[in-house]
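Student: What shape does this take:
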Amino acid sequence: MNSETKAAPSHPSVMLGPFLGQVTTESIKVWLHLESVHEAVWVTLHPQSADQPSAASARLEFKAERLFTDCVELTGLRPDTRYFYKLWTNPALSLPLDLQGLEPGELQFRTLPADPAAQIDFVVMSCHNPTVAMADGFEGHAVWADLPQIISSDSNQNVRFALMVGDQVYADEWQAKILAEPSEQGRLALYLEVYRKFWSNIHYRRVLCRLPAMMIWDDHDITDGWGSELSSFVGDTAAFKPEWTNLFQAAFRTFSVMQASRNPAPLAQDPRDGLDFGFRVGPWGFIFLDLRTNRNVRLRRLLTPEQAFRIRQWVEANSAGMQTLFVVSPVVFSHGSPLLEEKTTRYWPFVMSLVDFVAKRTRWGKGLHTRFSKSVGDIRDDIADSWGSPENAAQADEMLGYLFDLQNDAEQPTSVIILSGDIHTSGYANIYSADPAHKVRASIPHITSSSVSYTPFNWLLEAIYRYASKTVELGHKKLFSSQVSHHFSSRSVAVLSLRPMRAEGDFQLKVKYYLEGYPEPQTLIFDLARSSHREDIAWVAQSKLFAPEFAPTSRIDVDAVLREKARTSTTPLNWRESIVDLMKLLDLDSSLGARKRLAQEWGYTGPLNGSAAMNVWLHQQIVAKFQQAGGTVPEAALPNGPRGTGEPA
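Tutor: Here you go, the predicted model:
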């Protein structure tokens, strides 16, 4: 009995896809999930037009052990060529598959160009959970609905693929059921239910049937906070409870066939050791970091030493001719001030309890609770998961040290750009190294694209984070820091464009953020050959920048600067002796309250009462910090010089 005459199943036909995976100059991966009367489907490729004869074909088979999913790679294609593809239900290629809402003309793609100097554009996105934003008129898929016109516009005609950098599904709501499910098949069925819920929308399918995509997982592809959720561990040990191990194994098996099968082969011989992978597009290298397979907060581990070794091996093997390495990290290196995030972690349970209390006791509280859960929720695990958290500081030192070493290799320097998602707010930061060995190329751009459909991070909280986090230290060694430049609290996608410049071998990176509801993108431009320097501006009014790692490379005559500033002041200021006048000269708040706060912050051990002793101590500290930061000051003003006078409280 062939597939056309077999009796129909008792359940309706279920199809996800067709979706495209890795694309090269000569190949494409085609993926399909289909549970129906058809045990197999045939795919054919047609160059330039759907009416052209088939140039390649393959068979997709749908078996229960692979969750009714298959992915095939078709090879022998021509570079920089548009192909249309068709799906058939019989080997004679006479019965087309019902595409369940897609139009046949939407099934197309374009291979990569063979010219290494050709312009390449690609999309970066993360965090697909439309269920929390269903009121956008597209069942949470408003950004997906706009993506076809974005990638088909004249300015984006060179978009060839997408990088999906984590949280392609959200399995959180299924966690309790999966933990309670005794059978492996039952757990797999529940995860399959997750994918069917998040990937069935026509707007989602309309994009990924024509845009080749490669992807890596993050916590929500498993469950919220995987590897950081303390309730998943046995007591105070680093071992996971059996039911949580079963949950992870089911998530891993499902991810392997639903997502990883579309990627290049993993670096590990056994994918269970890590799903990291890499690929080249001309002079551009891409390395995806798997930060969930071996995530364990109790071991302070994002990835294993074996994973790091394989990543270095791949980079070394692909270093010839590689101008820039894009490092895809599902979690960010830096988002907020460590002090702010530590306090947030400590007090967030009280915030959540307060929201719950209001929700139960007021008429409007339920709506507040819903909005809070959708746009903020419990962010403690997100803080613990970033490279910037104290638990991950040692590994942040190792990874950033390696990446800056790549940029500063004397024989073959390779530019590095970090791509990330996760935090539900898109934007751009710079990561800096204060290591003298990295002084030639001391900064790395950090580009974040999040979220494509999840409710964005609350704009007010984001503003507070930005105000409190002008610079953020990273790692234990105090060598690395981050400075956030732009963040957008909107659902969005980013289009990155690698464009050749007039100088031979020089390229420009253009980043366009398409924010939901905005008619024009927000645009950033980088010169990849000359944008990795560090300026070290010594803003004397910010005590945070007195730290040695922010010291300027040449000494500044602070005395001359302050004399000139005092000369132009409308009020006579005795700044050499008076702390109040010195703070006024520096445009700082000189009130008693401000002086008390500054003295407390800098470690004054006497009474915080505005006494002459406190004021003299503060004056000495400011002058000393000028000197430590690389400024020259008059000997009379040094801490061991003449003592300043006290000011009245």
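
Student: okay, CA-based contacts and neighbour counts for the rest of this
Tutor: OK.

Student: Give me the spatial nearest neighbour of Ile444, chain neighbours excluded.
Tutor: Ile431 (5.1 Å; Cα to Cα, 6 or more residues apart in numbering).

Student: hang on, I meant Gln307
Tutor: Closest to Gln307 by Cα to Cα, 6+ apart is Gly274, at 6.6 Å.

Student: How many neighbouring residues does the one you found have?
Tutor: 22 (other Cα atoms under 10 Å).

Student: you'd agree it is up against Arg295?
Tutor: No. With contact taken as Cα atoms under 8 Å, Gly274 and Arg295 are classed as non-touching, separated by 10.4 Å.

Student: returning to what we had before: so what does the host helix or strand of the residue nearest to Ile444 touch, helix or strand wise?
Tutor: Using DSSP states H and E, Ile431 maps to strand 426-433. On a contact count with 3 or more Cα pairs under 8 Å, 6 or more residues apart in numbering; DSSP states H and E, strand 426-433 meets strand 443-448, strand 480-488.

Student: so how far is the longest one from its chain's centroid?
Tutor: Which is strand 480-488. Relative to its chain's centre, strand 480-488 lies at 13 Å (Cα atoms, centre = their mean, to the nearest Å).

Student: Check the shortest one too.
Tutor: Distance, stretch centre to chain centre, for strand 443-448: 10 Å (Cα atoms, centre = their mean).

Student: again with stretch 90-101
Tutor: Remark: stretch 90-101 is offset 39 Å from the chain centroid, using Cα atoms, centre = their mean.

Student: Report the buried residues of that stretch.
Tutor: The neighbour-count check on stretch 90-101 (16 or more other Cα atoms under 10 Å) flags 90, 97 as buried.

Student: Repeat that for stretch 289-305.
Tutor: The neighbour-count check on stretch 289-305 (16+ other Cα under 10 Å) flags 289-298, 300-304 as buried.

Student: So Leu179 versus Arg196, what's the distance?
Tutor: Using Cα to Cα, to the nearest Å, Leu179 is found at 20 Å from Arg196.

Student: Closest to the mean position in this structure, which residue would that be?
Tutor: When Cα atoms, centre = their mean is applied to the chain, the residue found nearest the centroid is Ser420 (1.9 Å).

Student: bridging residues for it?
Tutor: Here Ser420 sits in beta bridges with Ser329, Thr448, as judged by DSSP bridges.

Student: again, but for Leu509
Tutor: Bridge pairing for Leu509 - DSSP bridges - gives Leu498, Phe526.

Student: I figured it was touching Met501, is that so?
Tutor: No. Between Leu509 and Met501 there is no contact under Cα under 8 Å: 10.1 Å.

Student: If you count surrounding residues, which of those two has more?
Tutor: When neighbours are counted by other Cα under 10 Å, Leu509 and Met501 differ, and Leu509 comes out ahead with 17 against 12.

Student: so what's that one up against?
Tutor: Leu509 sits next to 496-499, 525-528 when contact means Cα atoms under 8 Å, 6 or more residues apart in numbering.

Student: Can you go through the residues you listed and name the buried ones?
Tutor: 496-499, 528.

Student: Show me which of these is closest to Val169.
Tutor: Nearest to Val169, judged by Cα to Cα, of the buried ones among the contacts of Leu509 is Leu496 at 23.4 Å.

Student: quick one: Leu524 and Gln157, what's the gap?
Tutor: 19 Å.

Student: just Ser386 next, same as before
Tutor: For Ser386, the distance to Gln157 - Cα to Cα - is 34 Å.

Student: Next: Gln407.
Tutor: Counting by Cα to Cα, the gap from Gln407 to Gln157 is 31 Å.

Student: Neighbour count: those two, which is higher?
Tutor: Gln407 (23 against 12).

Student: Identify the residues contacting that one.
Tutor: 413-416, 438, 441.

Student: Restricted to strands, list the residues you listed.
Tutor: Counting by DSSP state E, the part of those found in strands is 415-416.

Student: Buried only: go through the contacts of Gln407 for me.
Tutor: 413-416, 438, 441.

Student: Quick one: classify the residue nearest to Trp31 when sequence neighbours are not counted as helix, strand or coil.
Tutor: Spatial nearest neighbour of Trp31, chain neighbours left out: Cys71 (4.2 Å); criterion: Cα to Cα, 6+ apart. Secondary structure state of Cys71, per DSSP: H, G, I helix; E, B strand; the rest coil, is strand.

Student: Give me the neighbour count for Cys71.
Tutor: 25.

Student: which residues sit in contact with it?
Tutor: 29-32, 60, 261-262.

Student: if we can go back for a sec, contact partners of the strand holding Ile431?
Tutor: 404, 439, 442-451, 479-490, 492, 513, 534.

Student: That strand vs strand 443-448, what angle?
Tutor: In terms of direction (axes from the mean of the first three to the mean of the last three Cα atoms, to 10 degrees), strand 426-433 departs from strand 443-448 by 160 degrees.

Student: For strand 426-433, list the C-alpha coordinates in CSV.
Tutor: Extracted in CSV, the C-alpha atoms of strand 426-433 (Å, rounded to 0.1, in the frame of the first residue of the first chain):
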residue,chain,number,x,y,z
SER,A,426,18.0,45.6,21.4
GLY,A,427,21.1,47.7,21.4
TYR,A,428,24.8,48.2,21.1
ALA,A,429,27.7,48.2,23.6
ASN,A,430,31.5,48.2,23.5
ILE,A,431,33.6,45.9,25.6
TYR,A,432,37.0,47.2,26.5
SER,A,433,40.3,45.7,27.6
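
Student: can you give me the mean pLDDT across that strand?
Tutor: Averaged across strand 426-433, pLDDT comes to 91.

Student: same question, stretch 100-111
Tutor: Here the average pLDDT along stretch 100-111 is 97.

Student: Could you list the buried residues of it?
Tutor: So for stretch 100-111, counting by 16+ other Cα under 10 Å, buried means 102, 104, 107-111.

Student: Please apply the same query to stretch 35-53.
Tutor: Judged by neighbour count (16+ other Cα under 10 Å), stretch 35-53 contains these buried residues: 35-47, 50.

Student: mind checking the end-to-end distance for it?
Tutor: 29 Å.

Student: and if you look at stretch 138-147?
Tutor: With Cα to Cα, one end of stretch 138-147 sits 13 Å from the other.

Student: distance between the ends of stretch 49-56?
Tutor: Stretch 49-56: ends 14 Å apart by Cα to Cα.

Student: From the rest of the structure, what touches it?
Tutor: Contacts of stretch 49-56 (Cα under 8 Å, 6+ apart): 44-47, 74-77, 83-85, 105.

Student: repeat that with 7 Å
Tutor: 44-47, 74, 83-84 (Cα atoms under 7 Å, 6 or more residues apart in numbering).

Student: Include pLDDT and secondary structure when you put those residues into JSON lines, please.
Tutor: Shown next, in JSON lines, are the contacts of stretch 49-56 (pLDDT from 0 to 100; DSSP: H, G, I helix; E, B strand; the rest coil):
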{"residue": "Thr44", "pLDDT": "98", "secondary structure": "strand"}
{"residue": "Leu45", "pLDDT": "98", "secondary structure": "strand"}
{"residue": "His46", "pLDDT": "98", "secondary structure": "strand"}
{"residue": "Pro47", "pLDDT": "98", "secondary structure": "strand"}
{"residue": "Leu74", "pLDDT": "98", "secondary structure": "strand"}
{"residue": "Tyr83", "pLDDT": "98", "secondary structure": "strand"}
{"residue": "Phe84", "pLDDT": "98", "secondary structure": "strand"}
